[in-house]
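*Asks:* Need coordinates for the below:
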Amino acid sequence: MLDQADEVWITGVGLVSSLGDGSEAHTDILTGRRDGMPAVDETTFAPYPVHRLVPLDLSKQIPKNSDQRQMEGWQKLGVYAAGLALDDAGIKGKADLLDRTDLAVAAGSGERDTAVDCKVLETASAGGDTPLRANEILPSALRPTLFLAQLSNLLAGNISIVHHVTGGSRTFMGEETAGLAAIESAFRRVAAGQCEICLVGGALNAERADLLLGYELGHNLWHHPFQHIEERTHRGGGFVPGSVGAFLVLEQRGHAQGRAARPYARLTAVESDRGRREPNPSANPLAQVFARVGSPTGQEATSVFSGASGVAPATAGELSFLQGLTRSGGINCAWTYGDLIGHSVEAHFPAGIALAALALRGEGLSAALAGKKCNADDVAPIDRIIVTTVGHYRGEGLAVLERIS
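*Replies:* Residues are numbered from 1 along each chain as shown. You can find the predicted model right below:
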């Protein structure tokens, strides 16, 4: 049990998605003040639906055009969301705080230069000495920061350059597990007193042919007209990618109170695993992780924000497990937030925590958004939210957030 002064508070939220730019836009949707219909593009990348990012004025968080020019889409999105979180926490531009703010980033392998890829493939199809021709093309076509894809730790580097966050830095890779690891590392470091304040999150640019190709080769994408996650499990499953930037500021309670910061919620536990899903891949992968934090008792109004991807059979196992908790009274409601923002892989877990934090400081979750399975009394107000994510291939975990009076 943490001492009160060592409690981990969420004091800043930076979130951008297909739904909007910033905390206010997402809070309006969570509470029902704005229509909560998914914004899905079914034509640009047909047959694959994609939750496309809303237009952003990048100069609000990345003022130098020179900085913007050397970043690809995923980096711009991450740097922008990180700036929102720092602004929201009230530490943007405060050198004395930023110098000791740690950074934990969940990143993919970067964006490929598809034009260069196509040029290499065209050369290969024309015959001749393909390796020699490829070696001629690559040095002249690629920037020094590329190895056919941008380096993953460039996102953390650009956050440091643009926003002057110069504490310790870690970058985690590994799809959904990267988001889990980044949040877990930041949480444990703040809780242990190894740092007082940390910026943590990730970003995914889903509007990329190379990304869609990679996931389709693994048979992970949904390639039908858009349906909600639970409905997809009956047609073979698959996830709908979503462009998302999600960053959080985690801070020791004593440190936050010392600067009069207003918290969103208390983060009380983060647990992760990489359980084996064979020989029974439909078995629930969350049971062991839930057991570590104790089953919900029903004494508090507890809801689950599920990060289910839609990929079968892992999603079916997760939703079955959550339905069992609902029937037993352990939780009031389970809501799949990917229905609204899409599946954002490395950024998905941070995005779920961001949405949960907004709900806990706000008016909860609107009954219309939660759907028929949740009663109005179950979703507003919420005292405790468990955010889950189960990787489409590997990795599962959860975070527990509590309302602060």
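
*Asks:* Can you tell me what sits against the helix or strand containing residue 160?
*Replies:* If you go by DSSP states H and E, residue 160 is part of helix 154-163. Residues from elsewhere that reach helix 154-163 (CB atoms under 8 Å, 6 or more residues apart in numbering): 61-62, 64, 67, 71, 74-75, 78-79, 82-83, 86, 92, 98, 103, 105, 107, 110, 145, 165-166, 169-171, 199, 203. Yep, even glycine has a C-beta here, placed from its N, CA and C like the rest.

*Asks:* Just the buried residues out of those residues, in ChimeraX syntax.
*Replies:* A single ChimeraX command selects the buried members of those (16 or more other CB atoms under 10 Å):
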select :61,62,67,71,74,75,78,79,82,83,86,92,98,103,105,107,110,165,169,170,171,199,203
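
*Asks:* still on that earlier bit, could you check the helix holding residue 160 and say which residues are buried?
*Replies:* In helix 154-163, counting by 16+ other CB under 10 Å, buried: 154, 155, 156, 157, 158, 159, 160, 161, 162, 163.

*Asks:* What of stretch 38-46?
*Replies:* 38, 39, 40, 41, 45.

*Asks:* what is the mean pLDDT for that stretch?
*Replies:* Averaged over stretch 38-46, pLDDT sits at 96.

*Asks:* Is the nearest residue to residue 61 once chain neighbours are set aside within a helix or a strand, and which one?
*Replies:* Computed as CB to CB, 6 or more residues apart in numbering, the closest residue to residue 61 that is not its neighbour in sequence is residue 83, at 3.3 Å. For residue 83, the host element (DSSP H and E) is helix 73-89.

*Asks:* which is the next helix or strand following that helix?
*Replies:* Once the chain leaves helix 73-89, the next helix or strand it forms, by DSSP H and E, is helix 95-98.

*Asks:* just checking, next helix/strand downstream of that following helix?
*Replies:* Using DSSP H and E, the helix or strand that follows helix 95-98 in sequence is strand 102-106.

*Asks:* can you pull the pLDDT of the residue nearest to residue 394 when sequence neighbours are not counted?
*Replies:* Counting by CB to CB, 6+ apart, residue 274 is the residue found nearest to residue 394 once chain neighbours are left out, at 5.6 Å. Per-residue pLDDT puts residue 274 at 83.

*Asks:* How about residue 120?
*Replies:* For residue 120, the predicted pLDDT is 71.

*Asks:* List of residues touching whatever helix or strand residue 27 lives in?
*Replies:* Using DSSP H and E, residue 27 sits in helix 23-30. With contact meaning CB under 8 Å, 6+ apart, helix 23-30 is reached by 13-15, 17, 19-20, 33-36, 84, 88, 340, 354-355, 358-359, 362-366, 369.

*Asks:* repeat that for 7 Å
*Replies:* Contacting residues not belonging to helix 23-30 are listed as 13, 15, 19-20, 34, 36, 88, 355, 358-359, 362, 365-366, 369 [CB atoms under 7 Å, 6 or more residues apart in numbering].

*Asks:* could you dump it to CSV, C-alpha only?
*Replies:* What follows is helix 23-30 as a C-alpha-only set of coordinates in CSV (Å, rounded to 0.1, in the frame of the first residue of the first chain):
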residue,chain,number,x,y,z
SER,A,23,-9.5,16.5,-23.5
GLU,A,24,-12.6,18.6,-23.9
ALA,A,25,-13.6,17.1,-27.2
HIS,A,26,-13.3,13.6,-25.8
THR,A,27,-15.0,14.5,-22.5
ASP,A,28,-18.0,15.9,-24.4
ILE,A,29,-18.4,12.5,-26.2
LEU,A,30,-18.0,10.5,-23.0
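
*Asks:* Compute the distance from the centre of that helix to the centre of its chain.
*Replies:* Chain-centre distance of helix 23-30: 16 Å, with CA atoms, centre = their mean, to the nearest Å.

*Asks:* Equivalent analysis for stretch 57-76, please.
*Replies:* Put simply, stretch 57-76 sits 20 Å off its chain's centre (CA atoms, centre = their mean).

*Asks:* The contacts of helix 23-30 in strands, which ones?
*Replies:* In strands, defined here by DSSP state E, the members of the contacts of helix 23-30 are 13, 15, 20.

*Asks:* So the last one is in contact with residue 54, correct?
*Replies:* Yes: proximity of residue 20 to residue 54 meets the contact threshold set by CB atoms under 7 Å, at 5.7 Å.

*Asks:* Those two: who's more crowded?
*Replies:* Remark: of residue 20 and residue 54, residue 20 carries more neighbours, 18 against 13, as counted by other CB atoms under 10 Å.

*Asks:* Give me the pLDDT for the more buried one.
*Replies:* As predicted, residue 20 sits at a pLDDT of 96.

*Asks:* what's across from it in the sheet?
*Replies:* Per DSSP bridges, the residues bridged to residue 20 are residue 17.

*Asks:* Now do residue 370, the pLDDT please.
*Replies:* Residue 370 carries a pLDDT value of 76.

*Asks:* That one: neighbour count?
*Replies:* The number of residues packed near residue 370 is 23, by other CB under 10 Å.

*Asks:* Leaving out chain neighbours, which residue sits closest to it?
*Replies:* Per CB to CB, 6+ apart, closest to residue 370 is residue 379, 4.8 Å.

*Asks:* what's the answer for residue 312, then?
*Replies:* residue 237 (3.0 Å).

*Asks:* Which SSE is immediately downstream of the strand or helix carrying residue 305?
*Replies:* Assigned by DSSP H and E, residue 305 belongs to strand 302-306. The helix or strand immediately downstream of strand 302-306 is helix 314-328, counting by DSSP H and E.

*Asks:* which outside residues touch that next one?
*Replies:* With contact meaning CB under 7 Å, 6+ apart, helix 314-328 is reached by 229-230, 233, 237, 277, 282-287, 296, 304, 306, 308-309, 331, 334, 388, 390, 392.
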